[in-house]
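K.L.:
Quick one, what's the 3D model for this:
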Amino acid sequence: MRRVVAVGVAVLAVGALLLSASAFMPFQSEFAGGESAVTATPMQSYAGKVRAPEFPVGLDWLNVPEPLSMAQLRGKAVLLDFWTYGCINCIHVIPDLKRLEAEFPNELVVIGVHSAKFANEGETENIRFIVKRYGIEHPVINDRNFIMWQTYGVRAWPTFMLIDPQGKVLGYYSGEGVYEAMQPAIAGMIAEFDAKGMIDRTPLPLTPELERRAPSVLAFPSKVLADARGGRLFIADTSHNRVIVVDLQTYAVQAVIGSGRVGLRDGTFSEAAFNWVHGMSLGADGETLYIADTGNHAVRAADLREGTVKTIAGTGQQNRNWRDRLRGGAALETPLNSPWDVHYQDGVVYIAMAGPHQLWALDLASGQVAPFVGSGREGIVDGALLESELAQPSGIIGAEGVLYFADAESSAIRKVDLKAGRVQTIVGTGLFDFGDVDGIGDVVRLQHALGLTLGADGKLYVADTYNHKIKVIDPERRESRTLLGGGAGFRDGESPQFWEPGGISYADGKLYVADTNNDAIRVVDLATLNVTTLAFPNPEQLALAPTDEAAEAAAETPPEDFFGTVVRLPALTAARGTSQIVLNIQLPEGYKQNDQAPFTLRFYNNTPIARVAPADNNLSLITPPMPVRMPVTLSEGEALITLDATVIYCKAVNETLCFPAFLRFELPLRVAAEGDSEIAINYLLVPPKLD
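P.N.:
Sure thing, here's the model as predicted:
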């Protein structure tokens, strides 16, 4: 039997796959989040003897020049990711998949198998936009008819199938935490097949949709906030990781909050860093802007007078512990889980927490944050606050004594009576009850609505995202009707078109709509129902300044006062794309690394042709096994790259005799369409001569 690596609690069963036709319907199960994110249930074991079936003919593929075949993937580990793009659990695993791809750049191929929950998600063009929005560069298949889903016996989103280099199914896993679950299995499998000479490291040809995206002033804006009192409009420029402040009358840019770099950094507006910003709300003073920093799992506060940003809730890490769903604590010590929108009211910032299917409350006076509405179970159940069930709340607004929220996965608009302490559904009936139906009460159907706002008339105006429409809902009569929109597209005037609008805000007789897939903010005059597109009179203020990148590169320039050994390496040609630097420092015979002092490795991001993520470019490790690997992204061009390493090594017998080695590796690098699959650096240490 083939050797298989076992992985913690979520065991990867050998060949745990049901390849026969399944008796279940695709929509009988929901997402593999919560408790199932840490426990996988094996289906049926074939002891690694089941060959992965060929990809069905006729499916649409993205990010590749032509459809792939299993034969083309022979010699590589293949990880199939069954997902649907509105699923928060599916969004959460994207960083894990990118981490696996960086660690095994030429040995592993991730293929996204998009099996849509919502009808709108099944359209290839919509998936194409999502692939760009989420920064997904691996191949993606539109499995709109659930052919692969049923062939593999999948029962929940997300689910992962691991296929070995011989094309046989090794095992599966459902839920979040896929890196921890899959990494040991993938590493063990690659090592085993590599020893047999059966790993093909030829880079897979890719044509990422992201690279075809034309530059735009805004990038997938998700939310918008109109401030009538202050005469301002706040725009969440989500994929540019910043918030834009403009004049509500002229739309002139007044300020940009955030550097545009991905990260969690406080400081001035130009220094601050965000990760995938969404909802915003103004405090009572009108000068504090609360921001849902979704990708950082944090809530930030921007001081509009001082021009500064600080974190007020969250640790920067996602809270994956389902058992913590009813536990709060000090705001800066409590991890959050994908805050999607925020609403300030009476000293409290209410948070639409999409990840755990809850609303949380941040008490600004005490600095405490805690679950406020929802048990943490995904569903649509009314009742007492913490006994109710929500489904990925993604928009929130309030008035005296009441909160309204958009429950995206149940396509529902719901209400919290703050005085009675109860949740009531206005429209929406179930996790799989969606459509485009106007009417009253339970006949109403929306499709994955993400945003809502209150008008002066007390009506709710809803961004019915997957229907590409704006709906107006009377919360008392439970009546919903279409206000504007008809089919995905872009058109101004009295018969407008939107494309997956995600945010909406009201001020002075107008609606401001974050028209996400159109990279635009649309303005609706409620008196005439005429729609226009916001145009900035000074768009140059929104350019992603190359001076910021230049400053960053300058900060990464290797220091000139290096006093160690400079190792000039022979020139190397590497293939563009995701790769890795493989540094193998060999110790002389009779020596070993000091296990008390760290080995350090620093890569200097001073050239655009080779970029290393900030989390990976400054390593400090105790006795790491050689070689040390560092993920790197390569773009075509030529440059000299520099790495500094420190190794403390000792005599194996007389451990009190140790030597430091300070090494600088300089490598003339050429990156082209074809070349070496990795940047390999080998160096033999020579100990100093002792008198």
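
K.L.:
Where does pLDDT dip in the stretch 301-450 of the chain?
P.N.:
By pLDDT under 70, the stretch 301-450 of the chain has no low-scoring segment.

K.L.:
and Lys510, what does it touch?
P.N.:
Residues near Lys510 by CB atoms under 8 Å, 6 or more residues apart in numbering: 226, 523-526. Where C-beta positions appear, they are placed from N, C-alpha and C, glycine not excepted.

K.L.:
same thing but 10 Å
P.N.:
Taking CB atoms under 10 Å, 6 or more residues apart in numbering as the criterion, Lys510 is in contact with 226, 228, 248, 523-527, 532.

K.L.:
Buried ones in the lengthiest helix in the chain, by neighbour count?
P.N.:
The residue-count maximum for a helix in the chain (DSSP state H) belongs to helix 178-195. Residues of helix 178-195 classed as buried: 178-183, 185-190, 192-193 (neighbour count, 16 or more other CB atoms under 10 Å).

K.L.:
cool, and stretch 223-241?
P.N.:
223-227, 232-241.

K.L.:
Just to be sure, Arg386 is in a helix?
P.N.:
One thing to correct before we go on: residue 386 is Leu, not Arg. Yes - when DSSP: H, G, I helix; E, B strand; the rest coil is applied, Leu386 is found to be in a helix.

K.L.:
on that earlier part again, right, and out of the contacts of Lys510, which lies closest to Lys651?
P.N.:
Taking CB to CB as the measure, Lys651 lies nearest Ala226 of the contacts of Lys510, at 70.6 Å.

K.L.:
how about the closest one, what does it touch?
P.N.:
Counting by CB under 10 Å, 6+ apart, Ala226 has contacts 232-234, 248, 453, 504-508, 510-512, 523.

K.L.:
Skipping its backbone neighbours, what lies nearest it in space?
P.N.:
With sequence-adjacent residues excluded and distances taken as CB to CB, 6 or more residues apart in numbering, Ala226 is closest to Ala507, at 3.5 Å.

K.L.:
that older thread, check the contacts of Lys510 and tell me the two furthest apart.
P.N.:
Ala228 and Thr532, at 18.3 Å, using CB to CB across these.

K.L.:
which ones are touching Leu304?
P.N.:
Leu304 neighbours (CB under 10 Å, 6+ apart): 227, 230, 232, 234, 245, 254-255, 257, 269, 282-283, 285-289.

K.L.:
What of Asn106?
P.N.:
By CB under 10 Å, 6+ apart, the neighbours of Asn106 are 76, 199-204, 575, 577-580, 676-678.

K.L.:
Please report the distance of it from Ser677.
P.N.:
4 Å (CB to CB, to the nearest Å).

K.L.:
Which residues are in contact with each of the two?
P.N.:
Counting by CB under 10 Å, 6+ apart, the residues touching both Asn106 and Ser677 are 200-203, 575, 577, 579-580.

K.L.:
Just name the closest of these to Gly430, please.
P.N.:
Nearest to Gly430, judged by CB to CB, of the shared contacts of Asn106 and Ser677 is Gly577 at 43.4 Å.

K.L.:
before we move on, the earlier item: model confidence over the longest helix of the chain, on average?
P.N.:
The pLDDT scores in helix 178-195 average 92.

K.L.:
Bridge partners for the residue nearest to Arg477 when sequence neighbours are not counted, pull those for me.
P.N.:
Closest residue in space to Arg477, ignoring its immediate chain neighbours: Ile440 at 6.3 Å, by CB to CB, 6+ apart. Assessed by DSSP bridges, Ile440 has beta-bridge partners Glu479.

K.L.:
I'd say Ile440 and Pro475 touch.
P.N.:
No - using CB atoms under 10 Å, Ile440 is not in contact with Pro475; the gap is 12.0 Å.

K.L.:
Any of the shared contacts of Asn106 and Ser677 buried? List them.
P.N.:
203, 575, 577, 579-580.

K.L.:
Can you tell me which helix or strand of this structure has the lowest average pLDDT?
P.N.:
The weakest-scoring helix or strand in the chain, judged by mean pLDDT, DSSP states H and E, is helix 546-555 (a mean of 44).

K.L.:
following that helix, which helix or strand shows up next?
P.N.:
strand 565-568 (DSSP states H and E).

K.L.:
And that following strand, how far out from the chain middle?
P.N.:
39 Å (CA atoms, centre = their mean, to the nearest Å).

K.L.:
What pairs with that strand, parallel or antiparallel?
P.N.:
strand 658-672 (parallel).

K.L.:
Pull the CA coordinates from the next helix or strand after the partner strand and hand them back as PDB.
P.N.:
For strand 658-672, the following helix or strand on the C-terminal side (DSSP H and E) is strand 679-684. C-alpha atoms of strand 679-684 as PDB (Å, rounded to 0.1, in the frame of the first residue of the first chain):
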ATOM      1  CA  ILE A 679      16.100  29.600  -8.100                       C
ATOM      2  CA  ALA A 680      18.500  27.100  -6.600                       C
ATOM      3  CA  ILE A 681      21.500  28.400  -4.500                       C
ATOM      4  CA  ASN A 682      24.000  25.900  -3.100                       C
ATOM      5  CA  TYR A 683      26.900  27.000  -0.900                       C
ATOM      6  CA  LEU A 684      29.400  25.000   1.200                       C
END
